[in-house]
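Participant: coordinates only, sequence not included:
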Ligand code: AMP
């Protein structure tokens, strides 16, 4: 089918972010979000070339109402009408966090796909129900459009057994799906494709370590353009330290806490919401801008948190360079990778043992743009590549339907 306009939808439990693309030239026509869905005092933000509103009060009792709000805005002449009619939306690309082992690529949403995603809810209890609500809302309001599910886990389905198996009895994998899945796949795939272009190499010949560093972070070993290993695990808690997530810890800590009177919910909150930079930085914040300000102000806790953070990055990069042998580039992306020069500087110093050298002056200036930070004598090039997960979802949707 001829696909031109693709709406990208990223549904959370109480939020719905969206972007509208014209795939004739990959131009973003509109974007925005509905916040506080189903909890009262809902807010609507919307921007296009001719109009902008931020956090206007709105009625969004459920995800269907939120999608209706978005669609009304897209055709509203008072809001710069991006489209004449909703029939111009040919397809909707839905971000879905967990595709399990069943989905190694994007799929057209059918009742069977919805059933499979529903069956997978135990693997992603916080995320997949929201994705399903977004799909249901869009199917009601945009019944004539094709709907495509794009999974955070799909890019990582090429991992071999030695990457994804845990050292546990196999029945846990076979009966309960206990294994490494990996996340941020859409971002790792986007920067992998862009890196191949920048490096002037065929995609299937490119070896990379891609570092998606943001509030949530993951590091991936890419061999021949495909994921070979990644730092997140069965859930997005594993791997490097993050804004509020502990990352890797001795799993026996969980048992120890449970035996010492903590409930499972408390341990979950400690590791997912109260850990990481928030726990160690002493600033009351998980944001790297606050951590970096505290370091300038002389906070020892903040210095320790930064050191611990980049130590955890370095452990993964070192391991993946050892596995890959030849690495064409280390890619930095995500809110921190693209913007936080202080974190990049500490990180690149932490991996200097790999023979990495970088232009410290240039690093201070780079914010949200493509740039090669490494010097000519660096053993491995280091490149900042801004990610664009929404565009990647639009591309996947377009490619599947075309
Ligand atoms: P993300 O989850 O990818 O949106 O990344 C969020 C993280 O990126 C936060 O820790 C922010 O502090 C960091 N970040 C975003 N923008 C900037 C910036 N301009 N300077 C420094 N850090 C930034």
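Facilitator: Sure thing, it's come through. Note that the structure is predicted; figures quoted are calculated from it, not measured. Numbers count the residues shown, from 1 in each chain.

Participant: going forward, measure contacts between C-alpha atoms and count neighbours the same way
Facilitator: Will do.

Participant: residue 322: neighbour count?
Facilitator: 12 (other Cα atoms under 10 Å).

Participant: tell me which element it is part of?
Facilitator: In this structure, residue 322 sits in helix 300-324 according to DSSP states H and E.

Participant: that helix and the ligand in contact?
Facilitator: No. Applying Cα under 6 Å from any ligand atom, one finds helix 300-324 out of contact with the ligand, separated by at least 11.5 Å.

Participant: list the buried residues in that helix.
Facilitator: 301-303, 305-306, 308-314, 316-317, 320-321, 324 (16 or more other Cα atoms under 10 Å).

Participant: for it, name the packing helices and strands.
Facilitator: In this structure, helix 300-324 packs against strand 208-213, strand 217-223, helix 276-281, helix 288-296, helix 341-350, with contacts taken as 3 or more Cα pairs under 8 Å, 6 or more residues apart in numbering; DSSP states H and E.

Participant: any idea of the angle it forms with strand 208-213?
Facilitator: Taking axes from the mean of the first three to the mean of the last three Cα atoms, to 10 degrees, one finds helix 300-324 and strand 208-213 inclined to each other by 160 degrees.

Participant: show residues contacting helix 300-324.
Facilitator: The contact list for helix 300-324 (Cα atoms under 8 Å, 6 or more residues apart in numbering) reads 207, 209, 219-221, 223, 229, 231, 240-242, 277, 280-283, 291-292, 294-295, 327, 343, 346-347, 350-351, 354.

Participant: flag every residue of the chain that's near the ligand.
Facilitator: 214-216, 287-289, 334-336, 339-340.

Participant: list buried residues within the residues you listed.
Facilitator: 214-216, 287-288, 334-336, 339-340.

Participant: the helix holding residue 322 to strand 217-223, inter-axis angle?
Facilitator: Using the same axes, to 10 degrees: helix 300-324 against strand 217-223 is 20 degrees.

Participant: avg pLDDT for helix 300-324?
Facilitator: The average pLDDT for helix 300-324 rounds to 98.

Participant: which is the next helix or strand following it?
Facilitator: Assigned by DSSP H and E, the successor of helix 300-324 is strand 329-333.

Participant: what's that next one packed up against?
Facilitator: Counting by 3+ Cα pairs under 8 Å, 6+ apart, strand 329-333 packs on helix 185-199, strand 208-213, strand 382-384.

Participant: next SSE downstream of the shortest one?
Facilitator: Once the chain leaves strand 382-384, the next helix or strand it forms, by DSSP H and E, is helix 389-401.

Participant: between helix 185-199 and that next one, find me the angle.
Facilitator: Going by the same axes, to 10 degrees, helix 389-401 makes 90 degrees with helix 185-199.

Participant: contact partners of helix 389-401?
Facilitator: In contact with helix 389-401 (Cα under 8 Å, 6+ apart) are residues 1-3, 6-8, 19, 21, 23, 26, 91-95, 106-108, 148, 150, 186-187, 190.

Participant: 7 Å instead, please
Facilitator: 1, 3, 6, 8, 93, 106, 148, 150, 186-187, 190 (Cα atoms under 7 Å, 6 or more residues apart in numbering).

Participant: give me the buried entries from these.
Facilitator: Members of the contacts of helix 389-401 classed as buried by 16+ other Cα under 10 Å are 3, 6, 8, 93, 106, 148, 150, 186-187, 190.

Participant: helices of the stretch 1-150 of the chain, start to end?
Facilitator: Assigned by DSSP state H, counting those that start in this stretch, the helices in the stretch 1-150 of the chain fall at 63-74, 111-119, 128-141.

Participant: quick one: closest of the ones you listed to residue 47.
Facilitator: helix 63-74 (9.7 Å; Cα to Cα).

Participant: the closest one - contacts with which helices or strands?
Facilitator: helix 128-141 (3 or more Cα pairs under 7 Å, 6 or more residues apart in numbering; DSSP states H and E).

Participant: may I see the buried residues of the helix it packs on?
Facilitator: In helix 128-141, counting by 16+ other Cα under 10 Å, buried: 128-139, 141.

Participant: contact partners of it?
Facilitator: Under Cα under 7 Å, 6+ apart, the answer for helix 128-141 is 11-13, 63-64, 67-68, 94-98, 121.

Participant: just the angle between it and helix 111-119, please?
Facilitator: Using the same axes, to 10 degrees: helix 128-141 against helix 111-119 is 150 degrees.

Participant: report the distance from helix 128-141 to the chain centre.
Facilitator: Relative to the chain's own centre, helix 128-141 is displaced by 19 Å; criterion: Cα atoms, centre = their mean, to the nearest Å.

Participant: same check on stretch 174-192?
Facilitator: The mean C-alpha position of stretch 174-192 is separated from the chain mean by 11 Å, Cα atoms, centre = their mean.

Participant: now do stretch 25-36
Facilitator: Taking mean C-alpha positions (Cα atoms, centre = their mean), stretch 25-36 and its chain are 17 Å apart.

Participant: I'd like the average pLDDT over that stretch.
Facilitator: Mean predicted confidence for stretch 25-36 is 97.

Participant: same check, this time on stretch 43-60
Facilitator: Computed over stretch 43-60, the average pLDDT equals 97.

Participant: mind listing what's buried in it?
Facilitator: Buried residues in stretch 43-60 (16+ other Cα under 10 Å): 43-48, 58-60.

Participant: save the helices and strands packed on strand 329-333 as CSV, and put in mean pLDDT too.
Facilitator: Converted to CSV, the helices and strands packed on strand 329-333 look like this (pLDDT from 0 to 100):
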stretch, mean pLDDT
helix 185-199, 98
strand 208-213, 99
strand 382-384, 99
